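Student: The sequence isn't on hand, but the structure is:
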């Protein structure tokens, strides 16, 4: 039986996350996903929108995932690999080379990301959308309402 482990925050779950989990599961039999806790994300300078408990529950519900564990710190990876008899550590290629030190304990694979989607992109888009002045939104809605009346 081949065991794979990955780590991530998984905030604003999107198709890129699903594609990653599907690819990871295709590499073996048992997929363990370590979801970063809110406290660990704070230490990393990350602000999540979805609390840890909910993110972990979402990941648990994905059919490709066999087990979810909390990621509390950077240093836990070696212990996680040893304690769970992990064969493959895999993560997105945006981390290329950062976890090569784990090759001493298991195979390390960096997977391609899904083009055009990331949590950073989604958060940036939301921020830009929310910064649109209220009066511009009202004006746009008024124009749409007028167009609707014109076509009735």
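Tutor: Sure thing, it's come through. This is a predicted model, so every value here is computed, not measured.
Student: quick one, what contacts the closest residue to residue 71 other than its chain neighbours?
Tutor: Leaving aside its chain neighbours, residue 71 sits nearest to residue 34 (4.0 Å; criterion: CB to CB, 6 or more residues apart in numbering). Using the backbone N, CA and C atoms, a C-beta is placed for each residue, glycine as well. By CB atoms under 8 Å, 6 or more residues apart in numbering, the contact set of residue 34 is 5-8, 68-71, 76, 80.
Student: Give me the lowest-pLDDT entry from these.
Tutor: Among the contacts of residue 34, residue 8 carries the weakest pLDDT, at 93.
Student: okay, and the helix or strand of this protein with the least pLDDT?
Tutor: Least confident helix or strand of the chain, by mean pLDDT, DSSP states H and E, is helix 119-130 with a mean of 57.
Student: Now the element after that helix, going C-ward?
Tutor: Using DSSP states H and E, the helix or strand that follows helix 119-130 towards the C-terminus is helix 134-151.
Student: Distance from that next one to the middle of the chain?
Tutor: Mean-position distance between helix 134-151 and its chain equals 36 Å (CA atoms, centre = their mean, to the nearest Å).
Student: Alright, I will stop here.
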